[in-house]
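> sequence? don't have it. structure:
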């Protein structure tokens, strides 16, 4: 093959690699958005199912936060409006 054909082939391979990488990133971003929307929907469902009791909502928020962040633990703290000295 000539040098020109080799250069063009190398350029096409590089462009293909870039396009595949961009597509993979786009798919990852889309999946992450779906997970967040699903978590939000779940929280809203629990909120409407237990309007007088916030505990199940907080428990679900903690579970979903752990899952979304791939974390071992998550906590929710109540802030009373004052800073701890």
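Yep, it's here. From a predicted model like this one, the values you see are computed outputs, not experimental measurements.

> Ramachandran angles for residue 51?
Torsion angles at residue 51 (phi, psi; degrees, to the nearest 10) stand at phi -60, psi -30.

> Let me see the confidence value for the residue minimising distance to the centre of the chain.
What sits nearest the mean C-alpha location of the chain, by CA atoms, centre = their mean, is residue 32, with 3.4 Å. pLDDT, residue 32: 90.

> Which strand or helix spans it?
Assigned by DSSP states H and E, residue 32 falls within helix 3-49.

> Show me what that helix is packed against.
helix 55-69 (3 or more CB pairs under 8 Å, 6 or more residues apart in numbering; DSSP states H and E). (Glycine included, C-beta is placed from N, CA and C.)

> Flag every buried residue along the helix it packs on.
57, 60, 61, 64 (16 or more other CB atoms under 10 Å).

> Can you name the residues that contact the third one?
Spelled out, that is residue 61. 43, 76 (CB atoms under 8 Å, 6 or more residues apart in numbering).

> For residue 17, see how far away it is.
40 Å (CB to CB, to the nearest Å).

> try residue 70
For residue 70, the distance to residue 17 - CB to CB - is 28 Å.

> Which one of these two is surrounded by more residues?
residue 17 (10 against 6; other CB atoms under 10 Å).

> Give me the three-state assignment for the closest residue to residue 58 other than its chain neighbours.
What sits nearest to residue 58 in space, not counting adjacent residues and going by CB to CB, 6 or more residues apart in numbering, is residue 76, at 5.5 Å. Following DSSP: H, G, I helix; E, B strand; the rest coil, we place residue 76 in the coil state.

> Do I have it right that residue 76 meets residue 57?
No: with contact defined as CB atoms under 8 Å, residue 76 does not count as touching residue 57 (10.0 Å).

> Now for the residue nearest to residue 58: which residues touch it?
Contacts of residue 76 by CB under 8 Å, 6+ apart are 58, 61, 62.
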